[in-house]
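**Student:** Provided below are the primary sequence and the corresponding predicted coordinates.
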There are 2 protein chains.
Amino acid sequence: MKARIHIYLKPGVLDPQGSAVAHSLNHLGFEEVTAARQGKLIELDLATADAEEAGARVKAMCDKLLANPVIENYDIELSA
Amino acid sequence: MKARIHIYLKPGVLDPQGSAVAHSLNHLGFEEVTAARQGKLIELDLATADAEEAGARVKAMCDKLLANPVIENYDIELSA
């Protein structure tokens, strides 16, 4: 099955990359952009069929390697 | 309204960051991971209420600044 993980900075954590994106878009004429945040997207292929077990394992992967739980939040989407 | 943009490398484009993630997860004992791809996630706050116009504008932002259409694909999710 496949897992799609979205990793964001927690609210309140400074996001200079997001600010740069918002500024650049404003400069290019997209004045409707009021804020931007940039995060990471990780897609995993998993050799397992049990969705419940896969969810727990992917959560452990996020906590151990993929996300920094001090400054980042994540959410996980599983699909067959 | 808000726009969430997922940007991936096109299939066939070398993704060393994704390979590194897959290897590291295997080393940490997550042997069920057979492949990983890493992309970008950009969230925009937009000062507009017209979903159709917002979709077209965000597509233009992706083509002009956010994605590299030669090697990257993107998809856009709009929400109120």
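**Tutor:** Yep, that arrived. Numbering: from 1, shown residues only, chains lettered A, B, ... in the order given.
**Student:** Spell out whether whichever strand or helix holds A:Asn73 and chain B are in contact.
**Tutor:** According to DSSP states H and E, A:Asn73 maps onto strand A:72-79. No - figure legend: strand A:72-79 not in contact with chain B (Cβ under 8 Å from any Cβ of the partner chain); closest approach 10.5 Å. (C-beta placed from N, C-alpha, C; glycine too.)
**Student:** same check, this time on stretch A:16-36
**Tutor:** Yes - judged by Cβ under 8 Å from any Cβ, stretch A:16-36 and chain B are in contact via A:Gly18, A:Val21, A:Ala22, A:Ser24, A:Leu25, A:Leu28, A:Phe30, A:Glu32, A:Val33, A:Thr34, A:Ala35, A:Ala36.
**Student:** Show the residue spans covered by the strands in chain A.
**Tutor:** Secondary structure of chain A (DSSP state E): strands at A:2-9, A:33-46, A:72-79.
**Student:** Dump the ones you listed into CSV; add mean pLDDT and mean neighbour count as well.
**Tutor:** CSV is the format used below for the strands of chain A (pLDDT from 0 to 100; neighbours: other Cβ atoms under 10 Å in any protein chain shown):
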stretch, mean pLDDT, mean neighbour count
strand A:2-9, 95, 19
strand A:33-46, 96, 20
strand A:72-79, 95, 14
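**Student:** Make JSON lines from those and add distance to B:Arg57 to it.
**Tutor:** JSON lines is the format used below for the strands of chain A (distance: least, Cβ to Cβ, whole Å):
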{"stretch": "strand A:2-9", "distance to B:Arg57": "23"}
{"stretch": "strand A:33-46", "distance to B:Arg57": "9"}
{"stretch": "strand A:72-79", "distance to B:Arg57": "26"}
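**Student:** So which of those strands is nearest B:Leu44?
**Tutor:** Nearest to B:Leu44 among the strands of chain A is strand A:33-46; the distance by Cβ to Cβ comes to 5.1 Å.
**Student:** Sheet-wise, list the partners of the closest one with their directions.
**Tutor:** strand A:2-9 (antiparallel), strand B:33-46 (antiparallel) (DSSP bridges).
**Student:** Since that was my last question, I'll sign off now.
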